[in-house]
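S.K.: Compute the structure for the input listed below.
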Amino acid sequence: MLISLGGALVATVATAAIPLVQRQIIDHVIMTHQQSIWPLAGLLLVAAGINFGGIYLRRYYGGRLALDVQHEMRTELFDSLSRWTARQDEIYTGQLVGRSIST
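M.R.: Prediction:
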């Protein structure tokens, strides 16, 4: 969870930095010709790469966490319902899932 949260934070910071670099390009390169475009263009590429990496971490580890939680909840629900019924040998898995949805 912490990796996913850290990735989201890094991506947010990189996303906020991109318009600032674009402003520098417009103000100092295009309008006044005070700087070269290449360092700022490289900075844009680095910010885009950091943004991509942060979003990847957030989505990958967040998705894995969600799947793990869903699996654990379903397993515990199935175990609980199978203990709850007195005649376990007469109940099929589909009936247990139907009971979990209807209750």
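
S.K.: How far away from the center of its chain is the longest helix seen in the chain?
M.R.: Counting residues, the longest helix in the chain under DSSP state H turns out to be helix 37-84. Relative to the mean C-alpha coordinate of its chain, helix 37-84 is positioned 4 Å out (CA atoms, centre = their mean, to the nearest Å).

S.K.: same for that helix, what does it pack against?
M.R.: Packed against helix 37-84 by the contact rule (3 or more CB pairs under 8 Å, 6 or more residues apart in numbering; DSSP states H and E) you find helix 2-24, helix 93-102. No exception for glycine: its C-beta is placed from N, CA and C like everyone else's.

S.K.: With respect to burial, which of those helices scores highest?
M.R.: Each of the helices and strands packed on helix 37-84 was scored by mean neighbour count; the highest is helix 2-24, a mean of 14, by mean count of other CB atoms under 10 Å.
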